[in-house]
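[1] Build me a model from this:
(one chain, ligands or ions: 1)
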Amino acid sequence: LAGTVGLVSLSMAACGGGSSSGDSSGGGQQTVFKLAFNQTEEHPQYLAAVELGKKLEEATDGRYSIKVYPNEQLGTQTDVVQNLSNGTVEMMYIGGPVMEGFNKDFIVYNLPYVFDSIEAQQEVFRDQELNDELFHSLEASKNITVLAALHAGVRNVYSSKGPVREPSDLSGQKIRVQQSDSQVKMIELMGAVASPMGQGDVYSALQTGVLDGAENNETVYDSLKHDEIAKYYSYTKHLMIPDYLLISSKALEGMDDADREAFLALIPDTQDMADTGFLDFVEESKANAESLGAEFVEDVDTAAFKELVQPLVDESVNENDARKALYAAIQEANAAHPAS
Ligand code: GCU
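    Numbers count the residues shown, from 1 in each chain. Below you'll find the predicted structure:
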């Protein structure tokens, strides 16, 4: 057995990550990239990843493929990203705030009320020159390459206690946020008590009353069944933050040049497919939550929340020139694509 394990790791090292196996199509070796995802098979990011795998297999004559593991099967995002860094998982989707643990400059895209429209966000995320430094900043130190930034909805507060129309409504409420300093500070400034945790723990924490609520887009609210418990979904519209598609830098480097080029050429379509599907998924999720008795609260004093979080935005953005440049690009995109 020990001999077998040795052989497997040798072949993995040779191809730079990914598990290898005989390939049914051509008889050669196939490298399968494991891609971890923390949501369901209905999610457009899941569907886009499956499609990417199929196209990759075609484009490389079966030398590469992707196996997508949904529903947090491979662990929470904070655990999986360590495994990606160590080389035991090759790809994953990750929420923007988790990236702050590796390079704080990622914070700029995770700040409240910075993007005025989806179009503005998409323009910024598709600007390769702008993002070049940030997206490649973790390759040497952490083996992490950012392939794409995706639209991951607009996040709003939901609670089992009642509608949240103004900051005082959040007073004393324990609200789950993603695991990063920016998210903790943000929800505290908005008036709540922060409870950072992985997404998979939220349902039972809501059920047992450890949490009063959380903040997320409509798709998570419905597909992870938080709408069964926290009935009031209030449009605070405080965040529009990315998910990133990550790959192990070594796995990418391990591909031969033609295969790598073919792979990278597929990424823009993956990004478009995930983004486009998201908008429909929001509508379906909302309708389903409503049919389960959830109440969507529109009359929220977003200006009051925005004013409270502004110090976090200012202090985070002014930290260094790299962040100032990203923030300036957001302002430009906002001017070109104002809120509708
Ligand atoms: C969204 C996002 C995920 C993230 C999750 C969370 O679903 O797409 O990447 O993990 O929110 O709040 O943890």
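
[2] What are the boundaries of the strands in the stretch 151-300 of the chain?
    155-159, 174-177, 193-196, 213-216, 232-239, 242-248, 295-297 (DSSP state E, counting those that start in this stretch).

[3] Could you report the pLDDT at the nearest residue to residue 45 once chain neighbours are set aside?
    Spatial nearest neighbour of residue 45, excluding adjacent residues (Cβ to Cβ, 6 or more residues apart in numbering): residue 274 at 4.8 Å. C-beta: built from backbone N, CA, C; applies to glycine. Predicted confidence (pLDDT) for residue 274: 97.

[4] thinking again about what came up before, including mean neighbour count, could the strands of the stretch 151-300 of the chain go into a markdown table?
    A markdown table is the format used below for the strands of the stretch 151-300 of the chain (neighbours: other Cβ atoms under 10 Å):
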| stretch | mean neighbour count |
| --- | --- |
| strand 155-159 | 27 |
| strand 174-177 | 23 |
| strand 193-196 | 17 |
| strand 213-216 | 26 |
| strand 232-239 | 23 |
| strand 242-248 | 25 |
| strand 295-297 | 17 |
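
[5] Nearest to residue 317, out of those?
    strand 232-239 (15.4 Å; Cβ to Cβ).

[6] check whether that closest one contacts the ligand.
    No. Strand 232-239 stays clear of the ligand (Cβ under 6 Å from any ligand atom), getting no nearer than 9.8 Å.

[7] what is the residue in the stretch 1-150 of the chain that the ligand sits nearest to paired to in the beta sheet?
    Among the residues of the stretch 1-150 of the chain, residue 95 lies nearest to the ligand; the distance is 3.4 Å by Cβ to the nearest ligand atom. Residue 95 has the following beta-bridge partners by DSSP bridges: residue 243.

[8] That one touches residue 153, doesn't it?
    No. Contact between residue 95 and residue 153 fails when scored by Cβ atoms under 8 Å: they sit 11.0 Å apart.

[9] Pull the contacting residues for the closest residue to the ligand within the stretch 151-300 of the chain.
    Taking Cβ to the nearest ligand atom, the ligand has its nearest neighbour within the stretch 151-300 of the chain at residue 199, 3.6 Å off. Neighbouring residues of residue 199 by Cβ atoms under 8 Å, 6 or more residues apart in numbering: 38, 39, 72, 76, 77, 178, 220, 224.

[10] Alright, that wraps it up for me.
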